[in-house]
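>>> fold the stuff below for me.
(chains A and B)
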There are 2 protein chains.
Amino acid sequence: MRRIRLDLSYDGSGFCGWQIQARGRTVQGVVEEALSDLLKETVRVIGAGRTDSGVHAERQSCHFDTQNESLPADKFAPALNRFLPPDIRILESSAADSRFHARFSATERVYRYRFYPGFPAPPMWSRYALALKHPLSTERLNRLAAVFVGTHDFTAFCSASDRSRSKIRTINRAFFFEQPPFLVFEIAGNAFLWNMVRSVVGTVLSEYDNENAEEKIRGLLEKGNRSGCGATAPARGLSLIRVNYDEEE
Amino acid sequence: MRRIRLDLSYDGSGFCGWQIQARGRTVQGVVEEALSDLLKETVRVIGAGRTDSGVHAERQSCHFDTQNESLPADKFAPALNRFLPPDIRILESSAADSRFHARFSATERVYRYRFYPGFPAPPMWSRYALALKHPLSTERLNRLAAVFVGTHDFTAFCSASDRSRSKIRTINRAFFFEQPPFLVFEIAGNAFLWNMVRSVVGTVLSEYDNENAEEKIRGLLEKGNRSGCGATAPARGLSLIRVNYDEEE
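Next up is the predicted model:
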């Protein structure tokens, strides 16, 4: 047996998320199917981040174990792409150490949430960004984003269905920047709860006009009161940008 | 009768181009159908640029005449959007002078051709950009692009089927710039022949490694020899960015 790491990208619009489930097309399901077509064996794929329905990935990482000893590790990418639909592309395949685990070895996940400053958004971008009816100040947004940086209990900022034992997460960076045609929110942390980024984005938008927004957000982090948060922002604006591992540092 | 101007955006992936035709879904056809649903009259729409099959528009302009005197001009946009599929959005509607003609009053068309520097491109971007297998130097590309600026006979750089009487066009600007995640080619001119931008892009790519590329391109412009050009670049990278009219200057 050997372990292969895949770095892949997908347009989440046509998927019920990463994780395989009884019904619905999932990224994990489609990749496992392509692997079994290619390798003629049943393969289980472990992803770094279980992106939600409609969420995209510019570079997700995953690994799997195979009995195949003949295909060079870097050839899995082009070989698999021939079996995959155009909304998933393997960007790179490489040999991984047996101690490498796509999920547990990951030290940082980087997400971006894209906004289109104008309404309606051009159809080219509307599947990948949330259209803004009113202009927003990057400076103001960055003051609110900064409150999330650090180690906090994110109970208030996740789905009620999240079953993680600890809701404490560390955010390394959270900031807005202009990358025309988009306004982009980037957030990087050790790990994220279910719906956490979309809940952070929804709260920043709903508190934008509130004079005491920073105080309010600090209170939500301290008290863990989910009802005080803004609506969860739509999935389509969110993309997993990359997963970082120690050996790359 | 009054004249209304529409500024609209579309994802060209699902259209056989702008211009209405006997078979196939076209932007003009879908907009005319939405207008007839809204206004209960048959309306003919005149576009500024007849974008090809698969070519996108971030802001195309068009006009039409209607007998409807009640709907305020700016309300055509939201009203039409309710009748239009999500791959077309009306960005703005306004009252136009009867002397305004979307095609003949236009003084400049601005196009962009997007490249993704990497292969394969993430599926999110692959419908809107051409993936590059090898890195290209923006400086080198700009030296080649500069040769097209000015007034030239573009016979060598258009489809053999183009029926324009004169093939002389004036290019005001042609340059490459980085706009992450894309490398972008922008070209602005008074008007463009059929397949002209895609032929210019294809030629810049095919001559990139040629030491005498600038000379070669100058020769193609002078001699009008179509067989010397590179392959026409794929439609998906190309977008009409905006159409300029005198009154806006």
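
>>> any idea how far chain B is from the spatially closest residue to A:Tyr116 that is not a sequence neighbour?
Distances taken as C-beta to C-beta, 6 or more residues apart in numbering or on different chains place A:Ala129 nearest to A:Tyr116, at 4.2 Å, with adjacent residues excluded. Just so you know, the C-beta spots here come from the backbone N, C-alpha and C atoms, and that holds for glycine as well. Separation of A:Ala129 from chain B (C-beta to the nearest C-beta, to the nearest Å): 10 Å.

>>> residues near A:Ala129, how many?
Neighbour count of A:Ala129, defined by other C-beta atoms under 10 Å in any protein chain shown: 24.

>>> can I assume it is in contact with A:Ala121?
Yes: shown here, A:Ala129 and A:Ala121 form a contact pair, counting by C-beta atoms under 8 Å, at 5.9 Å.

>>> need the residues touching each of those two.
Here A:Ala129 and A:Ala121 have no joint contacts, going by C-beta atoms under 8 Å, 6 or more residues apart in numbering or on different chains.

>>> helix/strand/coil for the residue lying farthest from the centre of chain A?
What lies farthest from the middle of chain A is A:Ser70; by C-alpha atoms, centre = their mean that is 32.8 Å. Of the three states, A:Ser70 takes coil under DSSP: H, G, I helix; E, B strand; the rest coil.

>>> ramachandran angles for it?
Dihedral pair for A:Ser70: phi -100, psi -40, per degrees, to the nearest 10.

>>> again, but for A:Leu39
phi -100, psi -10.

>>> can you give me the pLDDT of it?
Here the pLDDT value assigned to A:Leu39 is 97.

>>> wondering if the host helix or strand of A:Ala77 reaches chain B at all.
Under the criterion of DSSP states H and E, A:Ala77 resides in helix A:76-81. Yes: interface with chain B: helix A:76-81 contributes A:Asn81 (C-beta under 8 Å from any C-beta of the partner chain).

>>> name the helices or strands packed onto that helix?
Secondary-structure packing of helix A:76-81 (3 or more C-beta pairs under 8 Å, 6 or more residues apart in numbering or on different chains; DSSP states H and E): strand A:2-10, helix A:27-39, strand A:88-96.

>>> elements contacting the last one?
In this structure, strand A:88-96 makes packing contacts with strand A:2-10, helix A:27-39, helix A:76-81, helix B:123-126, judged by 3+ C-beta pairs under 8 Å, 6+ apart.

>>> rerun that using 6 Å as the cut-off
strand A:2-10, helix A:76-81 (3 or more C-beta pairs under 6 Å, 6 or more residues apart in numbering or on different chains; DSSP states H and E).

>>> nearest to B:Ala106, out of the ones you listed?
For the helices and strands packed on strand A:88-96, proximity to B:Ala106 was assessed by C-beta to C-beta; strand A:2-10 is nearest, at 37.8 Å.

>>> wait, what's in contact with the closest residue to A:Glu186 other than its chain neighbours?
Nearest residue to A:Glu186, sequence neighbours excluded (C-beta to C-beta, 6+ apart): A:Arg112, at 5.1 Å. Counting by C-beta atoms under 6 Å, 6 or more residues apart in numbering or on different chains, A:Arg112 touches A:Val184, A:Glu186, A:Ser239, A:Ile241.

>>> one more pass at 10 Å, please.
A:56, A:58, A:177, A:179, A:182, A:184-188, A:197, A:237-242 (C-beta atoms under 10 Å, 6 or more residues apart in numbering or on different chains).

>>> repeat that for A:Pro72.
A:Pro72 is in contact with A:Ala79, A:Ser93, A:Ala95, counting by C-beta under 10 Å, 6+ apart.

>>> so which of those residues wins on neighbours?
Result: A:Ser93 is most packed of the contacts of A:Pro72 (other C-beta under 10 Å), 22 neighbours.

>>> so what pairs up with that residue in the strands?
Note on A:Ser93: beta-bridge partners by DSSP bridges are A:Leu6.

>>> model confidence score at it, please.
A:Ser93 carries a pLDDT score of 98 in this model.

>>> residues contacting it?
Contacts of A:Ser93 (C-beta under 10 Å, 6+ apart): A:4-8, A:71-81.

>>> how far away is it from A:Arg5?
From A:Ser93 across to A:Arg5, the span is 7 Å (C-beta to C-beta, to the nearest Å).

>>> same thing with A:Asn81?
Distance from A:Asn81 to A:Arg5, by C-beta to C-beta: 16 Å.

>>> who has more neighbours, these two?
A:Arg5 (21 against 18).

>>> what residues does A:Lys75 make contact with?
A:Ser93.

>>> ugh, wrong one, I meant A:Leu84
A:Leu8, A:Tyr10, A:Val30, A:Val31, A:Glu33, A:Ala34, A:Leu35, A:Asp37, A:Leu38, A:Ile90, B:Pro123.

>>> was I right to think the third one contacts A:Arg89?
When you say that, I think you mean A:Val30. No: A:Val30 lies out of contact with A:Arg89 (C-beta atoms under 10 Å); the separation is 11.7 Å.

>>> so A:Asn172 is in contact with A:Tyr111, correct?
No: counting by C-beta under 10 Å, A:Asn172 does not reach A:Tyr111; the two are 11.8 Å apart.

>>> common neighbours of the two, please.
A:Ile187, A:Ala188, A:Gly189.

>>> mind putting the residues you listed into CSV with distance to B:Leu136, secondary structure and pLDDT?
Shown next, in CSV, are these (distance: C-beta to C-beta, whole Å; DSSP: H, G, I helix; E, B strand; the rest coil; pLDDT from 0 to 100):
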residue, distance to B:Leu136, secondary structure, pLDDT
A:Ile187, 32, strand, 98
A:Ala188, 30, strand, 98
A:Gly189, 35, strand, 98
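
>>> can you list the domain ranges for chain A.
If you go by automatic domain parsing, the domain ranges for chain A are A:2-96, A:108-248.

>>> can you map out the strands along chain A?
Along chain A, the segments classed as strands by DSSP state E run A:2-10, A:46-47, A:56-66, A:88-96, A:106-116, A:130-131, A:150-153, A:168-179, A:182-189, A:238-245.

>>> reformat those as TSV; add distance to B:Glu139.
Listed next are these as TSV, based on distance: least, C-beta to C-beta, whole Å:
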stretch	distance to B:Glu139
strand A:2-10	29
strand A:46-47	40
strand A:56-66	27
strand A:88-96	27
strand A:106-116	29
strand A:130-131	35
strand A:150-153	42
strand A:168-179	22
strand A:182-189	26
strand A:238-245	28
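
>>> mind listing the shared neighbours of A:Ser93 and A:Arg5?
By C-beta under 10 Å, 6+ apart, the residues touching both A:Ser93 and A:Arg5 are A:Ala73, A:Phe76.

>>> burial check on A:Asp65, number of neighbours?
A:Asp65 has 15 nearby residues by other C-beta under 10 Å.

>>> surely it is in contact with A:Val43?
Yes: with contacts counted by C-beta under 10 Å, A:Asp65 reaches A:Val43, the gap being 7.5 Å.

>>> who touches both of the two?
Joint contacts of A:Asp65 and A:Val43 (C-beta under 10 Å, 6+ apart) are A:Ile4.

>>> now stretch A:38-46: buried residues?
A:Leu38, A:Leu39, A:Val43, A:Val45 (16 or more other C-beta atoms under 10 Å in any protein chain shown).

>>> stretch A:44-55 now?
Using 16+ other C-beta under 10 Å as the test for burial, stretch A:44-55 gives A:Val45, A:Gly47, A:Ala48, A:Gly49, A:Arg50, A:Thr51, A:Asp52, A:Gly54, A:Val55.

>>> farthest-apart pair in these, please.
Maximum pairwise distance among the buried residues of stretch A:44-55 (C-beta to C-beta): 20.1 Å, between A:Val45 and A:Gly54.
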